[in-house]
Structure formats: structure tokens, C-alpha cells
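Chemist: Output the structure for:
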Amino acid sequence: MALDSQAIAPPSPRRVFLGVLATTALALGGNFLGVTGKLLNEDLAASLRLDILYPVNGMKRCYNPEKGYEFTYPETYLGDATMATRAANQREARLALDPGPATRAAPPKIFGQTVQEPQSAFGPMGGTGEENVSVIVARSPPGGFRLDRFGDARNQAEWLLGNVLAPPNSGKTSELYDAFTRSSGSSGGTGTKYYTFEYTIKTDDWYRHNIAVFAELGGKLYTMVCQVPEADWKGREAAFRKTAESFRVFVPTG
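Modeler: Alright, predicted model coming up:
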């Protein structure tokens, strides 16, 4: 039986080229099997903020131009539903027609500033909120605010732990592991100083490891906190250190 000449004809080079090109474009555009993230250079991805869409070296980027900050977080994290629900409930309470109780508990404060709900919060899928990365932006008081009013980074961290996060008779104990500052002129934050604290807080019910970063710019206090149960710290340590180092503040566009 004669063979079908069409069946054994060599493929068109043009068709092969177009097919490979189309497949490559689809893979890059959709990050198929992580191809795009693996091909992107970390510095290039950061400068162009491509890691907002494609994870690079296991990290994605949160970029909030309206509030004036950005940072990277583990690619497996999603928007933290627990914190989002809590923030929505608080907004609903503020807008409710029923005025509610005549007396309300005073909101907590850090460095003299009222703690707001996070503007950004990310955590693992199905998490309880105990493991997360979050950012809070609070307005500085009239006349300005300086983080160094409490002394160097270690003095500030000790004050924060001893007076706010784990004060005496609170049922909480804390341990400070590290406290340092860094300065950055990138992303519009020329001369901005960042204070990084690493510490644990323990109660009878939970034991958490935290890295917190504070910065002040344009009359606003920015606070980023990476939090995880102490038992899971080793598995998150490298990613959390990258997150803390990546945190940048800049003049908001919104």
C-alpha cells in the first residue's frame, strides 16, 4: 500500500517557528509552570514591579501607590480574609444607625499613635490569621513625629515590648532578638529610616514570632508586621527577612 505523501512530508519551518513562538508567549503570559517567574531577574522584576503579577524566587509584590508603600510577600499567601472581615465589621459598626454602647474601649496605641486596621494583609490559604504579613498606616500627630524620640532601635524595641505589646501584668512575656535601622533612598523615600525589630510574644494560649518594621514619612507612621507561630518560625524565617528588607515607603500618588 502506497504511503500518503502528506503524512510524511516534513513540517514547515515557518509553522514550527510560529508554533514555538505562540507556545512561549502563552507560557510567559500565563506563568505556566512558573516559567515567567524563573526567567525574570529579581532586580529587573523589582524595578519594573513585574513581581506584582509573577512570583520571583518565591515572592510576590504588594504595591499600594495610594497609601505610599510596597513590599514582597510569600507567593503562597492570599489576601487575609480574617483581617478583611474584621475591618469590614468595624467599618459597618462605625456607619451603623444604632449608636451602640455609650462607652467604648480605647483603641490600642503604638509609639503614641492609635493603631488602625491593616491597609494590606496577606496570609496562607485557609489560615486563622495567626500567620500573616500586614501593613498599617497611621497619621502622625500635629507638629510631626520622630521615631528616634525613644532613642536607638534597641531602646525603641524595648519600650514597645515593655509598654505596649507585653506590659507587666498583661499575661504576656516577650523576648527581643534583634533591633536595627537601615536607610533607603529608593522609591521616592530619600533619607527614610526604617526600624526593624525581631521579637517573640508568649501567653498561656499562644507563642508567636514577629518581625516588625517602622518608618515615618510625610506625616504618616507606617508599620509592617510579619507574624507566625513560634513553632513555624524556621519555615518562614528566610521569607520574612526578605519581606522586612523589601519594605519601602514613598510619597503617595492618591
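Chemist: For the closest residue in space to residue 236 that isn't next to it in sequence, give the beta-bridge partners.
Modeler: Using C-beta to C-beta, 6 or more residues apart in numbering and skipping the chain neighbours, the partner closest in space to residue 236 is residue 228 (4.7 Å). All C-beta atoms are positioned from the backbone trio N, CA, C, and that covers glycine. Beta-bridge partners of residue 228, counted by DSSP bridges, are residue 209.
Chemist: Please report how far residue 228 lies from residue 59.
Modeler: Computed with C-beta to C-beta, to the nearest Å, the distance linking residue 228 and residue 59 is 16 Å.
Chemist: so what's the residue nearest to residue 236 up against?
Modeler: Going by C-beta atoms under 8 Å, 6 or more residues apart in numbering, residue 228 touches 130, 131, 208, 209, 210, 236, 240.
Chemist: again, only using 10 Å
Modeler: Residue 228 makes contacts with 123-124, 130-133, 208-211, 234-237, 239-240, as judged by C-beta atoms under 10 Å, 6 or more residues apart in numbering.
Chemist: ditto for residue 197
Modeler: Applying C-beta under 10 Å, 6+ apart, the residues contacting residue 197 are 153-154, 156-158, 160-161, 165, 176-180, 210-214, 225, 244.
Chemist: What about the residues you listed, which are in helices?
Modeler: Residues of those located in helices (DSSP state H): 153, 154, 156, 157, 158, 160, 244.
Chemist: Just among these, which is most surrounded?
Modeler: residue 157 (26 neighbours; other C-beta atoms under 10 Å).
Chemist: how close does it sit to residue 70?
Modeler: Counting by C-beta to C-beta, the gap from residue 157 to residue 70 is 24 Å.
Chemist: ditto for residue 233
Modeler: With C-beta to C-beta as the criterion, residue 233 and residue 70 are 25 Å apart.
Chemist: What of residue 163?
Modeler: 30 Å.
Chemist: Of those two, which one has the most company?
Modeler: Set side by side, residue 163 and residue 70 show more neighbours around residue 70, with 22 against 14, by other C-beta under 10 Å.
Chemist: Thanks again, I'm all set now.
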